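In: Okay, here's the prediction I keep looking at, along with the sequence it came from:
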Amino acid sequence: MTVAARTADYSLQTRLLFAFSGLLFVFLGLTGLVLDSAFRNSIEAGAAERLQVQIYLILAAAEEEAGEFYFLQDLQEPRFSQLNSGLYGFINKPSLGELWRSKSARTFNLADPDILNEHLGVGEARFTTASGEQGDIYFVLSYGILWQDGINEYSFSVVESAAPYYSEISNFRTSLWYWLGGVAALLLLMQFLLLRWGLLPLHRMASDLKEIEAGNKDHLAGHYPKELRGVTDNLNLLIEKERKQQARYRTTLGDLAHSLKTPLAVISGIIQNLARSPAGNEGVEVGAQLGGVEEQLERMNQIVTYQLQRAVQTHQLTTLGRQVNVAAATQRILDALRKVYADKAMHSETRLDPAAIFYGDERDLMELVGNVLDNAFKYGRSRVRVTASSQSGGAGDRAGLRLAIEDDGPGIPEDKVEYVLQRGARADTLLQGQGIGLAVVTDIVSSYKGTVRVGRSELGGVLIEMLFNTPTLSGGN
């Protein structure tokens, strides 16, 4: 499996689970380290306090004479009298060294005995750890005092084995990590279940899409969370657009086949007549018949062109389209048509709002304006007027658009207006010229939820007015 394939085939749930699990382990790990450190510090502080008490016991029972220390009675702590009991007492003077040690310390020595001879200020206590000769760890608390004569300074020290304390720390640490491990496992399970519950709408969406693919559903239905509503609405738009396009292809193929029957039948009849025509009238008859064939071929070309235009129209709704500047697109079409109809010397008047925007495919706008302007140039006598303006008050929060194209030609008879604007009317039943173009215009405008109005122009000819509202995504599909 390639790297690209592995990257594409990943699970959102697995990704979130790994991310949250990593965060959970970091949090619990830091929590465990903090608790372990706090407990260790607490144990060592407790040991220092207990050793301080032992120093006070030695200090209270000690007697000094001629620089030597003795005790009139045994110390209250019996471990000072037990050999190698793990609790040892010492009295040192920095200038003389060791002056006294407890019975328990007769065979005990630290790996660094000088630690007991360090000079301490009066009332100064120093707590530290040290190693024994066998490598064991011991807690050492030394306390500096000024004796009753006010001259001599001594250091009273108590050494205690740290093994019981570290054993307690180890037991706490084991218990702590067991508990934190159990909590982590529980939280991971809860996290997994919560993720599955939180991602259920996505699983439901995937299931609904499979149902749509299998043909069991028409669209994504049901209540989806607001975070997915934009996705589901757009998917429904795309599904609807795809189905409309498929239906359009089927309808166009049927219309094309039906529309070509009559011209093909006429051509077939002409060929049969040519085959049966007398030889004496061959020149005149052939010319007339070929003229009829040419006329029918032109009609077939119009039919094919129109049906192909219907089949390939984008029909993008405004919610998914781009923003096209109407003035710029219209000006390009006008420049091209002035060259095509240069012999007519048409005067074109433009009223183009620079802020007018068409929300859709630029090709659709070019098709709309191109069809209507081509008819205006073709059937107008000398004048054409183009108006484009933004319209407020449309559905949604975008400005609407008004496009109006006028000419001074003969216009369209009132009894034919509704007919030529019929959406999807077959080409073989349309009037010559404006009928095909206006049917295409009506089809495109309707796909953008707009309206087309045909009226009488102030110039004397026809007025084609196209109105577009531009609903937002929430405005509907």
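Out: Here it is on my side, so go on.
In: Domain-wise, how is this structure divided?
Out: 28-168, 207-312, 322-475 (automatic domain parsing).
In: among the ones you listed, which is the most enclosed?
Out: Greatest average neighbour count among the domains of the chain goes to domain 322-475 (a mean of 18), per mean count of other C-beta atoms under 10 Å. Where C-beta positions appear, they are placed from N, C-alpha and C, glycine not excepted.
In: How far off centre is that one?
Out: 40 Å (C-alpha atoms, centre = their mean, to the nearest Å).
In: Report the rounded mean pLDDT for it.
Out: Averaging pLDDT along domain 322-475 gives 78.
In: now swap in stretch 248-267 and tell me
Out: Here stretch 248-267 scores 67 as its mean pLDDT.
In: Export only the CA atoms of stretch 57-64, formatted as PDB.
Out: Extracted C-alpha coordinates of stretch 57-64, given in PDB (Å, rounded to 0.1, in the frame of the first residue of the first chain):
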ATOM      1  CA  LEU A  57      15.700  13.600  73.100                       C
ATOM      2  CA  ILE A  58      19.500  13.200  72.900                       C
ATOM      3  CA  LEU A  59      20.000  16.900  73.700                       C
ATOM      4  CA  ALA A  60      17.700  16.600  76.800                       C
ATOM      5  CA  ALA A  61      19.500  13.500  78.200                       C
ATOM      6  CA  ALA A  62      23.100  14.400  77.400                       C
ATOM      7  CA  GLU A  63      25.500  15.600  80.100                       C
ATOM      8  CA  GLU A  64      29.000  17.000  79.400                       C
END
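In: element containing the closest residue to Ile239 other than its chain neighbours?
Out: Once flanking residues are discounted, Ile239 sits nearest to His219: 5.8 Å by C-beta to C-beta, 6 or more residues apart in numbering. Applying DSSP states H and E as the criterion places His219 outside every helix and strand.
In: Would you agree His219 is in contact with Leu237?
Out: No. Because the distance of 9.6 Å does not satisfy C-beta atoms under 8 Å, His219 is recorded as not touching Leu237.
In: Find the residues that touch each one of the two.
Out: Counting by C-beta atoms under 8 Å, 6 or more residues apart in numbering, His219 and Leu237 have no shared contacts at all.
In: Look at the residue nearest to Ala221 when sequence neighbours are not counted and report its pLDDT.
Out: Sequence neighbours aside, Asp208 is the residue nearest to Ala221 in space, at 7.3 Å (criterion: C-beta to C-beta, 6+ apart). pLDDT, Asp208: 81.
In: State the distance from Asp208 to Leu238.
Out: From Asp208 across to Leu238, the span is 14 Å (C-beta to C-beta, to the nearest Å).
In: Give me the distance between the residue nearest to Ile239 and Ser389.
Out: Distance from His219 to Ser389, by C-beta to C-beta: 36 Å.
In: Name the residues that touch the helix or strand hosting the residue nearest to Ala221?
Out: When elements are assigned from DSSP H and E, Asp208 belongs to helix 200-214. In this structure, residues lying in contact with helix 200-214 by C-beta under 8 Å, 6+ apart are 12, 217-222, 224-225, 228, 231-232, 235, 239.
In: Check these and tell me the two furthest apart.
Out: Within the contacts of helix 200-214, Leu12 and Asp218 form the most distant pair, 26.6 Å apart (C-beta to C-beta).
In: The stretch 151-300 of the chain: strands as residue ranges?
Out: With strands called from DSSP state E, counting those that start in this stretch, the stretch 151-300 of the chain shows them at 153-161.
In: residue ranges for the helices of the stretch 1-150 of the chain, please.
Out: 3-8, 12-61 (DSSP state H, counting those that start in this stretch).
In: quick one, which of those helices is nearest to Arg381?
Out: Nearest to Arg381, of all the helices of the stretch 1-150 of the chain, is helix 3-8, at 62.9 Å by C-beta to C-beta.
In: about what we covered before: from the contacts of helix 200-214, which shows the smallest pLDDT?
Out: Minimum pLDDT across the contacts of helix 200-214 is recorded for Gly222, with 72.
In: Report the contact partners of it.
Out: Gly222 neighbours (C-beta under 8 Å, 6+ apart): 204, 208.
In: ok, it to Thr232 distance?
Out: The gap separating Gly222 from Thr232 is 9 Å, by C-beta to C-beta.
In: what does Val34 give?
Out: Between Val34 and Thr232 the computed distance is 46 Å (C-beta to C-beta).
In: hmm, who's touching stretch 330-337?
Out: Stretch 330-337 has contacts (C-beta under 8 Å, 6+ apart) with 346, 348, 350, 352, 366, 369-370, 373-374, 377, 386, 388.
In: try 10 Å
Out: 325, 346, 348, 350, 352, 356, 358, 365-366, 368-374, 376-378, 384, 386-388, 403, 405 (C-beta atoms under 10 Å, 6 or more residues apart in numbering).
In: out of those residues, which are inside helices?
Out: Members of the contacts of stretch 330-337 lying in helices (criterion: DSSP state H): 365-366, 368-374, 376-378.
In: At the geometric centre of this structure, which residue do we find?
Out: Note on the chain: the residue nearest the mean C-alpha position is Glu227, at 10.2 Å, using C-alpha atoms, centre = their mean.
In: which residues does that one contact?
Out: When contacts are counted by C-beta under 10 Å, 6+ apart, Glu227 touches Pro201.
In: same deal with Glu98?
Out: Glu98 makes contacts with 90-92, 105, 113, 116-117, 155, 157, as judged by C-beta under 10 Å, 6+ apart.
In: go with 8 Å
Out: Glu98 neighbours (C-beta under 8 Å, 6+ apart): 90-92, 113, 116-117.
In: just for the stretch 1-150 of the chain, where's the confidence low?
Out: For the stretch 1-150 of the chain, residues meeting the criterion pLDDT under 70 lie at 1-10, 72, 149-150.
In: rewinding a little: Ile58: which of the contacts of helix 200-214 is nearest?
Out: Distance to Ile58 across the contacts of helix 200-214 (C-beta to C-beta) is lowest for Leu12, with 69.0 Å.
In: Compute the distance between that closest one and Ile267, please.
Out: 61 Å.
In: for Leu176, same thing?
Out: 96 Å.
In: Mind putting the domains of the chain into a markdown table with distance to Gly182?
Out: Below are these laid out as a markdown table (distance: least, C-beta to C-beta, whole Å):
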| stretch | distance to Gly182 |
| --- | --- |
| domain 28-168 | 11 |
| domain 207-312 | 33 |
| domain 322-475 | 48 |
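In: Of all those domains, which one comes closest to Gly22?
Out: From these, taking C-beta to C-beta, the stretch that ends up closest is domain 28-168, at 10.4 Å.
In: Next, the distance between the ends of that closest one.
Out: The straight-line separation of the ends of domain 28-168 (C-alpha to C-alpha, to the nearest Å) is 22 Å.
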